[in-house]
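**Student:** Just need the structure, nothing else, for what follows:
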Amino acid sequence: MSRRIGVNTWVWASPLDDEALARLAVRVRDWGFDAIELPVESPGDWDPGRAADLLKELGLDATVVLVMGPGRELVDAPREVVGSTQDYLRRVVDAAAAVGSAVIAGPAYASVGRTWRIEDRPAAYRELRQNLAPVTEYAAQRGVTVAVEPLNRYETSLINTVDQGLDALDGLAGCALALDVYHMNIEETDLPAAIARAAGRIGHVQVSANDRGAPGRDHLDWSAILRALDQAGYSGPLVIESFTAHNATIATAASIWRPLAPTQDAIAVDGLHYLRSLHDD
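**Tutor:** Residues are numbered from 1 along each chain as shown. Here you go, the predicted structure:
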């Protein structure tokens, strides 16, 4: 099936602001992308109303990602921390609704990089469902789905795989999985099989090479991955996600220690051309 392709502004900028978005959105449109992905590192970094007008003018769809930085926790954390995290996630939902994004995607359970030995995983997942439910209910009222992203074992110890994600979210309405091929390459023994098990629960998909570079410049079987997504019934965009090394905070969080392509533009453009070529075959 023909699929929309997007790119996350983290390829070039962090945090995103109105000026950077105005500059990047035109380039993204001119390269031929269908969508642009907007991270909400802190509510207010960029203006949702202004972004909505810009993207409408350019004919670009939007997707929105949440950011679980230090102090954002929904599991094994003080109540005030959980409460402030829920408030943050509601603000992300508001931003998504304003720009027309059907999802907010990301690891909506614990701060990235926080790992701990979990003695009672079923209890941890029950706590997550309890604390995430008010957010998913709020999101549903705004026409937004919360897509929860499994991360690799070095970035979290709570949800690493599709199966764990399905287990953690079992019975929670208004929720789906966000699949990131970079993390799946580390944690899943068979990517197409894992995608198949997530059929009907896939809310968002992010793509990159196994080293966070451009899709196609790697060892992954992208034809099999895209075929599995088609068979699983996923009709949303494929969003290229990588990171700029120019922001020390995000480069450290994402372990970007070297250039991943000749230029940051090449990550986006080469990835777009490669993914389009697979659909044209």
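**Student:** got any ranges where the stretch 51-200 of the chain has weak pLDDT?
**Tutor:** Scanning the stretch 51-200 of the chain with the threshold set as pLDDT under 70 gives no residue ranges.
**Student:** Can you list the residue ranges for strands in it?
**Tutor:** 61-66, 103-106, 145-148, 175-180 (DSSP state E, counting those that start in this stretch).
**Student:** Could you dump the ones you listed into CSV with mean neighbour count and distance to V11 added?
**Tutor:** For every residue, glycine as well, the C-beta is placed using N, CA and C. Converted to CSV, these look like this (neighbours: other CB atoms under 10 Å; distance: least, CB to CB, whole Å):
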stretch, mean neighbour count, distance to V11
strand 61-66, 25, 13
strand 103-106, 27, 16
strand 145-148, 26, 20
strand 175-180, 25, 15
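**Student:** between those strands, which gets nearest to G200?
**Tutor:** strand 175-180 (9.0 Å; CB to CB).
**Student:** What helices and strands are in contact with that closest one?
**Tutor:** With contacts taken as 3 or more CB pairs under 8 Å, 6 or more residues apart in numbering; DSSP states H and E, strand 175-180 sits against strand 103-106, strand 145-148, helix 162-168, strand 202-207.
**Student:** how about a cut-off of 7 Å?
**Tutor:** With contacts taken as 3 or more CB pairs under 7 Å, 6 or more residues apart in numbering; DSSP states H and E, strand 175-180 sits against strand 145-148, strand 202-207.
**Student:** Quick one: distance of it to the chain centre.
**Tutor:** Strand 175-180 has its average C-alpha position 8 Å from the chain's average C-alpha position, going by CA atoms, centre = their mean, to the nearest Å.
**Student:** Number of residues surrounding the closest residue to D163 other than its chain neighbours?
**Tutor:** Leaving aside its chain neighbours, D163 sits nearest to R197 (6.6 Å; criterion: CB to CB, 6 or more residues apart in numbering). The burial count assigned to R197 is 18, neighbours taken as other CB atoms under 10 Å.
**Student:** Surely R197 and Q164 touch.
**Tutor:** No: proximity of R197 to Q164 does not meet the contact threshold set by CB atoms under 7 Å, at 11.3 Å.
**Student:** do you know which of the helices and strands packed on strand 175-180 lies nearest R121?
**Tutor:** Between the helices and strands packed on strand 175-180, strand 145-148 lies closest to R121; by CB to CB that is 15.3 Å.
**Student:** Would you list the strands that that closest one pairs with, along with their directions?
**Tutor:** strand 103-106 (parallel), strand 175-180 (parallel) (DSSP bridges).
**Student:** Output that strand as PDB, restricted to C-alpha atoms.
**Tutor:** Taking Å, rounded to 0.1, in the frame of the first residue of the first chain, the C-alpha atoms of strand 145-148 are listed here in PDB:
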ATOM      1  CA  THR A 145      -4.800   8.200  20.900                       C
ATOM      2  CA  VAL A 146      -1.900   7.700  23.300                       C
ATOM      3  CA  ALA A 147       0.600   5.500  21.500                       C
ATOM      4  CA  VAL A 148       3.000   4.000  24.000                       C
END
